[in-house]
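Visitor: Fold the stuff below for me.
(chains A and B)
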Amino acid sequence: MLSPLAARKAEKLGFKNVKIYHAGLPDWKKGGNIVVSNIAGIEELDKLEMPYILLDTRSPDDISKGHIPNAIAIPKEGLESIKAQFPTYKAAPVIVYDQSGAGDSAKTTFKEIAGWDYKQVSILSGGFHGWQTAGKTVAKGPAGTKISYVRKLFPGEIELKGFMVELEKPSANTIILDVRMPSEVQDGVLPNTKQIPLDDLEAKLSDIPKDKLVLVHCATGARAEMAYNVLKNAGYNVKFVRAKLEFDKEKKGAYKFEE
Amino acid sequence: MPRRLILPMCLAALVAFLIAGITPLTSYASEKLPSKSDQSCLKCHDYDKQENVLAGKLKEVSVKANCLQLQIDKGMDVILFDESTVLKNAPSMPEIPKGESVKITYFKKDGKTFAKEVEVKKGLEVPKEQLISTEEVEKLVAKGPKEGKYILLDSRPANMFNEGHIPTAASMPFFAFDKLAEKLLTDKDALQIYYCAGFS
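Guide: Coordinates of the predicted model:
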């Protein structure tokens, strides 16, 4: 929803050759395309102490000369042999790297893991070479051999499971806020929710009681997180859910909500 | 309302109008009046620099009373319409979704506010010719920005970009657009492609 707004701004600045890839990242992923992440992404996860799975696709020799701390080496028996170690939480960040970016080994590994339905797989842009060139810490010797991922929530995040419990049986002390646009709200709403588009949130704070726990959702989690920040700064007790919400176009009221 | 009914109804309305011989309301529409706009509209439009505009969120439409209620920030405006009011982007007044952003060109008559034109700003709906498909983006990305003569811009917050983005994209969070425009949009001729987390 942000891209059309950005395109309008570009047009306002006088640019004529402006297109909107409205299907965006979800469709790009669906098409089996590569997604890349960067060093800042790893650093942010480290800073927030968020767990992630980092896979080094290079040879044991190269790995022992130097690798990114916390990396796991893909065993010579192949990726499949450690599949059971992957978490059930499909939105766990999985970062794959090779020597210099999107080489074949990184691409193959990316595709295999994305094929297992993991939603947040990426190839580290620039690979190990980029990491080293940026002056980041390098570990020597063999890399890890076992994935030990335990999900941790983002600051302010509520697990979808807990959110659904509130949604189905709302307690009197909770208010569930939907910050999608009116045009999206037309596709359907979740039961027991109050609609205030993110754009209007600051102007409508007086509509939200301060003594309640506010749970925020949108259609992806991005705007819910922005709303979380707005409300938190305004002194609310608030949590947000990071999950993808899709209403069935054919069956009224039916929806899919998944992390 | 079924589409096939609209034309006969419009014609009927027009005939009734001519027979009644009423002066069309729009003949009062030449006076310059100040604009009033909801803050959210001003993010993308400069209605504050235009005249005769009321922009806000549609609250209610009453066909019986030929009027609509428009919410502008915290205030509520009641605006009258009739058969001569031009309606854009919606088949009929009652079919405009509640809460949708609308831009109304207005005039005053006998102290009342009348709509000359009601334009539904389907906020974020995009004209088809401006869309680019996954296949087209795939082809461009395979060529790279130089050969493909494009710049791919990710409108999501920077942390989401860092976590994962389309190869060759640059991070341009929507809320930092103005700050980054000068730095990123340097090539006037290059095709600019904006993307985010999809339709939702």
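
Visitor: all contacts plus neighbour counts: C-alpha atoms, from now on.
Guide: Fine.

Visitor: On the three-state scheme, B:Thr105 is what?
Guide: When classified by DSSP: H, G, I helix; E, B strand; the rest coil, B:Thr105 comes out as strand.

Visitor: For it, name its beta-bridge partners.
Guide: Counting by DSSP bridges, B:Thr105 forms beta bridges with B:Val53, B:Glu117.

Visitor: Quickly list the domain ranges of chain B.
Guide: B:3-17+B:24-120, B:128-195 (automatic domain parsing).

Visitor: Would you tell me which residues of the stretch 51-200 of chain A are close to chain B?
Guide: When proximity is defined as Cα under 8 Å from any Cα of the partner chain, the stretch 51-200 of chain A approaches chain B at A:93, A:120-122, A:182-184, A:186, A:199-200.

Visitor: again, 6 Å this time
Guide: Proximity of the stretch 51-200 of chain A to chain B, by Cα under 6 Å from any Cα of the partner chain, involves residues A:122, A:182.

Visitor: What segments of the chain are strands?
Guide: Picking chain A for this. For chain A, applying DSSP state E gives strands covering A:18-21, A:36-37, A:53-56, A:72-73, A:94-97, A:121-124, A:174-178, A:193-195, A:213-217, A:237-240, A:244-247, A:255-258.

Visitor: My question was about chain B, not that one.
Guide: When assigned using DSSP E, the strands of chain B occupy the ranges B:36-37, B:53-62, B:67-72, B:75-80, B:86-88, B:101-109, B:112-120, B:150-154, B:170-171, B:191-195.

Visitor: What parts of chain B come near chain A?
Guide: Applying Cα under 6 Å from any Cα, we find that chain B lies next to chain A at B:99-100, B:124, B:130-132, B:155, B:162-167, B:174, B:191-200.

Visitor: from the residues you listed, which would you call buried?
Guide: B:99-100, B:131-132, B:155, B:162-167, B:174, B:191-200 (16 or more other Cα atoms under 10 Å in any protein chain shown).

Visitor: State the distance from B:Trp170 to B:Ile151.
Guide: Residue B:170: Ala, not Trp. Going from B:Ala170 to B:Ile151 by Cα to Cα, to the nearest Å gives 8 Å.

Visitor: okay, those two: which has more neighbours?
Guide: B:Ile151 (24 against 17; other Cα atoms under 10 Å in any protein chain shown).

Visitor: OK, contacts around that one?
Guide: Applying Cα atoms under 6 Å, 6 or more residues apart in numbering or on different chains to B:Ile151 gives the contacts B:145, B:192.

Visitor: before we move on, the earlier item: winner for burial among the strands of chain A?
Guide: Among these, the stretch with the highest mean neighbour count (mean count of other Cα atoms under 10 Å in any protein chain shown) is strand A:121-124, at a mean of 30.

Visitor: picking that back up, tabulate the strands of chain B (a markdown table), appending mean pLDDT.
Guide: Putting those into a markdown table (pLDDT from 0 to 100) gives the following:
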| stretch | mean pLDDT |
| --- | --- |
| strand B:36-37 | 92 |
| strand B:53-62 | 92 |
| strand B:67-72 | 93 |
| strand B:75-80 | 92 |
| strand B:86-88 | 89 |
| strand B:101-109 | 92 |
| strand B:112-120 | 92 |
| strand B:150-154 | 97 |
| strand B:170-171 | 97 |
| strand B:191-195 | 96 |
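
Visitor: how about those strands, which one is nearest A:Asp56?
Guide: Comparing the strands of chain B against A:Asp56 with Cα to Cα, the closest turns out to be strand B:170-171 (25.1 Å).

Visitor: which outside residues touch the closest one?
Guide: For strand B:170-171, the surrounding residues in contact (Cα under 6 Å, 6+ apart) are B:153-154.

Visitor: partners of it in the sheet?
Guide: Strand B:170-171 is paired, per DSSP bridges, with strand B:150-154 (parallel).

Visitor: Report the angle between the partner strand and strand B:191-195.
Guide: Counting by axes from the mean of the first three to the mean of the last three Cα atoms, to 10 degrees, strand B:150-154 lies at 20 degrees to strand B:191-195.

Visitor: Now strand B:150-154 - C-alpha only, CSV.
Guide: What follows is strand B:150-154, C-alpha atoms only, in CSV (Å, rounded to 0.1, in the frame of the first residue of the first chain):
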residue,chain,number,x,y,z
TYR,B,150,15.4,1.4,-14.3
ILE,B,151,15.6,2.2,-10.6
LEU,B,152,13.7,-0.2,-8.3
LEU,B,153,12.6,1.4,-5.1
ASP,B,154,11.4,-0.3,-2.0
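
Visitor: tell me which residues of it are tucked away?
Guide: Residues B:150-154 are the ones in strand B:150-154 that count as buried (16+ other Cα under 10 Å).

Visitor: Identify the residue nearest the geometric centre of the chain.
Guide: The chain I'm using is chain A. Central residue of chain A (Cα atoms, centre = their mean): A:Gln120, 6.1 Å from the mean position.

Visitor: Let me rephrase: I mean chain B.
Guide: For chain B, B:Lys121 is the residue whose C-alpha lies nearest the centre (Cα atoms, centre = their mean; 2.3 Å).

Visitor: Would you mind confirming that that residue makes contact with B:Gly99?
Guide: No. Counting by Cα atoms under 6 Å, B:Lys121 sits too far from B:Gly99 to count as a contact (11.0 Å).
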